[in-house]
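S.K.: compute the structure for the input listed below.
(one chain, ligands or ions: 1)
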Amino acid sequence: MPKVDVNLPLDDVAALIDFGDDELKMARYKQYGTAQALAMHNRGPITYDPDGALSTEILDAYWREGFYVFENVVGAEERRDIEVDVAELLERAPIAKDASVDKHGRPALGSDCKGRSVRMTRPLSDPLGGTDANHGRHPVKMAEPNAPDEAPEWVMQLLLGTLQHSDACLRLYGHPELLNVAAAVNGPDFTPFNEGLWIKQPRLGSSVAWHQDGWTWWDKPELDSGTHGFNFMMQLYGCDAANGLWVVPGSHTKGKLDISDLASESGSDRLVDAVPLICAPGDVAIVNRQAVHGSFANTSDNTRVSVHFGFHRRKSVYGITSGGIHNPVSHYDDAYIRRRSRMLMYAIDARQQRFPEETCFEYGPLADAKDEFRWTSAARADIRDYNLMDIGI
Ligand SMILES: O=C(O)CCC(=O)C(=O)O
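M.R.: The predicted structure is shown next:
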């Protein structure tokens, strides 16, 4: 099986990469958080009630905690496809932030995209905390361990518009059981949000400062725990307290929280109530976008590759003018939502071609136009820069 190559000599630097004076506190925090996470009742396979609906227990746990870990969803064969694509994407990463070539001198991944694509970061840094980026939603700076001398100057942290770069990610996007979950959580007329591939390379991966996603509905009377939607996060190699996402359980029910206060009360960026996602390869977490979440610099030996794709309720996006982070500010009318939703149709067809024995998901809103959306070379051209029409709210 090809392995993601991070091009870093590991043995002699292992002992040097840590959180410095805070290393012991960090180690205890990770150990405690892991125990708390594993004691929660929000993990297990995707199961159904006798009437065929997603299990009530799963839905109750998701709405209570703000996240759920679906175990063993993506099998070895599909993970291998994704691994091959991810290895290739990393080979094509720009050699530096805003560079137009990769390390082989070829046009870099994303260099010909009009929409947002690659985010390069300094190893183990926090590029967002304490800045105005993303409507200022990351107020607290995270600890930044020293990078090893051998580290490259830049590492790829995120690729957006993933579905145009990886057929394997496109096929995952059409996963029937996950789309059943999306329908159960957001209603059968659920809509896309956006897609990203998050990569935390060992001893290099940078942090993502604590935040709550969403900016559109916080002050509106209609706000409830699900207004800003959710993300699925498929873990290619699994994840743990060192390289994974942390979530504050229940925080999605509390409206917009003051993250600076949470950090002050905690005495550091180690938020006291947070727990890490603990996943095995092929597990898929569903994480409410309103939950407080973030991830630390990855000082561990383990790579995290998370394939993210998010969905909204139609009523949260229909008729709204929003954007500005993932996509240009746009008005989300019927035509816009329908055009963006074609990605689901292509994904379902691409998946059917690869896994013909599976029963496909029926996406109601575009069921009348199935034949328009076959996954062909013409379709490949049609989805170029599709993420300019992400549905950010
Ligand atoms: O996976 C991560 O480390 C960060 C993901 C995140 O912040 C998000 O999806 O909003």
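S.K.: can you map out the strands along the protein?
M.R.: Along the chain, the stretches classed as strands by DSSP state E are 43-44, 67-70, 118-121, 155-160, 191-200, 208-211, 230-235, 245-247, 275-276, 284-288, 293-295, 304-312, 321-322, 330-331.
S.K.: near the ligand at all, the longest one?
M.R.: In other words, strand 191-200. Yes: Strand 191-200 lies within reach of the ligand by Cβ under 6 Å from any ligand atom, at residue 198. C-betas here are computed from N, CA, C, even on glycine.
S.K.: what does the second one give?
M.R.: No: for strand 67-70, no contact with the ligand is found by Cβ under 6 Å from any ligand atom; the gap never falls below 11.5 Å.
S.K.: before we move on, the earlier item: the strands of the chain into CSV, with extra columns for mean neighbour count?
M.R.: CSV is the format used below for the strands of the chain (neighbours: other Cβ atoms under 10 Å):
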stretch, mean neighbour count
strand 43-44, 17
strand 67-70, 25
strand 118-121, 22
strand 155-160, 23
strand 191-200, 26
strand 208-211, 24
strand 230-235, 26
strand 245-247, 25
strand 275-276, 23
strand 284-288, 25
strand 293-295, 25
strand 304-312, 26
strand 321-322, 16
strand 330-331, 14
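S.K.: adding mean pLDDT and distance to residue 353, write the ones you listed out as a markdown table.
M.R.: Listed next are the strands of the chain as a markdown table, based on pLDDT from 0 to 100; distance: least, Cβ to Cβ, whole Å:
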| stretch | mean pLDDT | distance to residue 353 |
| --- | --- | --- |
| strand 43-44 | 98 | 30 |
| strand 67-70 | 98 | 24 |
| strand 118-121 | 97 | 28 |
| strand 155-160 | 98 | 23 |
| strand 191-200 | 98 | 20 |
| strand 208-211 | 97 | 34 |
| strand 230-235 | 98 | 20 |
| strand 245-247 | 98 | 32 |
| strand 275-276 | 98 | 36 |
| strand 284-288 | 98 | 22 |
| strand 293-295 | 98 | 34 |
| strand 304-312 | 98 | 19 |
| strand 321-322 | 95 | 34 |
| strand 330-331 | 96 | 31 |
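S.K.: mind putting these in a markdown table, distance to residue 341 included?
M.R.: Formatted as a markdown table, the strands of the chain follow (distance: least, Cβ to Cβ, whole Å):
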| stretch | distance to residue 341 |
| --- | --- |
| strand 43-44 | 30 |
| strand 67-70 | 23 |
| strand 118-121 | 25 |
| strand 155-160 | 18 |
| strand 191-200 | 6 |
| strand 208-211 | 27 |
| strand 230-235 | 16 |
| strand 245-247 | 26 |
| strand 275-276 | 33 |
| strand 284-288 | 19 |
| strand 293-295 | 26 |
| strand 304-312 | 10 |
| strand 321-322 | 17 |
| strand 330-331 | 14 |
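S.K.: please enumerate the helices of the chain.
M.R.: Along the chain, counting by DSSP state H, helices occupy 23-39, 56-65, 76-91, 133-136, 167-173, 176-186, 259-266, 314-317, 334-354, 377-382.
S.K.: so for the ligand, which of these sits nearest?
M.R.: helix 133-136 (9.3 Å; Cβ to the nearest ligand atom).
S.K.: middle-most residue in the protein, spatially?
M.R.: residue 308 (3.2 Å; Cα atoms, centre = their mean).
S.K.: ok, now how distant is that one from residue 381?
M.R.: Going from residue 308 to residue 381 by Cβ to Cβ, to the nearest Å gives 25 Å.
S.K.: then residue 54?
M.R.: 36 Å.
S.K.: look up phi and psi at residue 296.
M.R.: Torsion angles at residue 296 (phi, psi; degrees, to the nearest 10) stand at phi -90, psi 160.
S.K.: neighbours of it, how many?
M.R.: 30 (other Cβ atoms under 10 Å).
S.K.: what's the separation between it and the ligand?
M.R.: Relative to the ligand, residue 296 is positioned 9 Å away (Cβ to the nearest ligand atom, to the nearest Å).
S.K.: the residue in the stretch 51-200 of the chain positioned nearest to the ligand pairs with what?
M.R.: Using Cβ to the nearest ligand atom, the closest approach of the stretch 51-200 of the chain to the ligand is made by residue 198 at 4.2 Å. Under the criterion DSSP bridges, residue 198 forms beta bridges with residue 158, residue 306.
S.K.: that one touches residue 158, doesn't it?
M.R.: Yes: Residue 198 is within contact range of residue 158, at 5.7 Å (criterion: Cβ atoms under 8 Å).
S.K.: more neighbours: residue 54 and residue 381, which one.
M.R.: residue 54 (19 against 8).
S.K.: excluding its backbone neighbours, what's nearest that one?
M.R.: residue 184 (3.8 Å; Cβ to Cβ, 6 or more residues apart in numbering).
S.K.: contacting residues for the residue in the stretch 151-300 of the chain positioned nearest to the ligand?
M.R.: Closest residue of the stretch 151-300 of the chain to the ligand, Cβ to the nearest ligand atom: residue 295 (3.4 Å). Residues in contact with residue 295, defined by Cβ atoms under 8 Å, 6 or more residues apart in numbering, are 200, 207, 208, 243, 244, 245, 246.
S.K.: pretty sure the second one contacts residue 142?
M.R.: Yes: at 4.2 Å, residue 207 and residue 142 qualify as touching, with contact defined as Cβ under 8 Å.
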